[in-house]
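Novice: Predicted model follows, preceded by the sequence.
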Amino acid sequence: AEAVQNTGLEYIEVYQTFHIAENRVFPVLFGAAYTHRIDPGTWEGEEVELGLWMWNRKDNSVFRPDFISNLLYPRSYMVTSYVPVIDEEKLKLSEPIDDREAFAEYLQLPGSLPQRVADLAREVTAEAPTPYEKAKALENYLRLNFTYTNLPDVSKGQSEDFVDSFLFEIMEGYCDYFSTAMVVMARTLDLPARWVKGYTSGQSEDQLIFEQYLQGEDFDINGPGTYTVRNADAHSWVEIYFDGIGWIPFEPTPGFSLPVVSPESET
């Protein structure tokens, strides 16, 4: 299967092979954004059948059809992705969107959203002249002014609105708090934004070997470029659409970083 991601940026091709450690079934196939091609992999020397999957071009996801109940999840598969090169100079040239109707789904806001959320978003981005710089200002504000914890003190929250309560009362939380807040704040500024969930890059083989070495455990080297992704690596982040470019990821949660590609520095 193949899909093409339209983008005004340059991209690099990234190749991944996924091996599913447990015999689990998931509603999607995983891969770096943006997935371009998926091929069968091999498991214990035998080629794996992919079965029937569907491509959602709108959000560039590969998902399992609901009408198929007996679909086996592949134990192994290969993904080719076109990963955009995040060229900030090009992104700064992107103008505000003209067609709000085309992005209505990504500009929706609760009718009950407290006004102080939008006011804060405008205050944070007051000196940011372009859509991209506004998005970066929101990202940096959340990363620098709020505390990451898996056990936020929700007893501080009095507001019935999740984002309002996080920004002004609780002021701490995990990735869902930060990413949801950035999506809502971005939408108040007419930046089409969507909430994305998936996994971080996990731990590289080198990291795992070092941890096992420190703990006196036996370890096995599977080769360079090998990562172990566990359920503990589940994560959420933000994507914002820029006119003429496409969807670009942002990471508002402190302590986390996106595996983005930047242009090579000029000599």
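Specialist: Ah, there it is.

Novice: Tell me which helix or strand comes right after the lowest-mean-pLDDT helix or strand in the chain.
Specialist: Ranking every helix and strand in the chain by mean pLDDT, DSSP states H and E puts helix 205-214 at the bottom, with a mean of 60. Proceeding N to C from helix 205-214, the next assigned helix or strand is strand 227-228, under DSSP states H and E.

Novice: Sheet-wise, list the partners of that next one with their directions.
Specialist: Strand 227-228 sits in its sheet next to strand 203-204 (antiparallel), going by DSSP bridges.

Novice: quick one, helices of this structure?
Specialist: 88-92, 115-124, 131-145, 162-165, 175-188, 205-214 (DSSP state H).

Novice: I20 is nearest to which of these?
Specialist: Smallest distance to I20 across the helices of the chain (C-beta to C-beta): 17.4 Å, for helix 205-214. No exception for glycine: its C-beta is placed from N, CA and C like everyone else's.

Novice: Next one: the residue most central in space within the chain from E101, what distance?
Specialist: In the chain, the residue lying closest to the centroid (C-alpha atoms, centre = their mean) is W237, at 4.4 Å. Going from W237 to E101 by C-beta to C-beta, to the nearest Å gives 26 Å.

Novice: cool, V260 as well?
Specialist: From V260 to E101 the distance is 30 Å (C-beta to C-beta).

Novice: Tell me where the protein is predicted with low confidence.
Specialist: 1-7, 67-71, 206-224, 265-267 (pLDDT under 70).

Novice: How much space separates Y82 from D243?
Specialist: 19 Å.

Novice: Between those two, which has more neighbouring residues?
Specialist: The residue with more neighbours, out of Y82 and D243, is Y82; 21 against 16, by other C-beta atoms under 10 Å.

Novice: For that one, which non-adjacent residue is spatially closest?
Specialist: In space, and not counting its chain neighbours, Y82 is closest to Y11: 4.3 Å by C-beta to C-beta, 6 or more residues apart in numbering.
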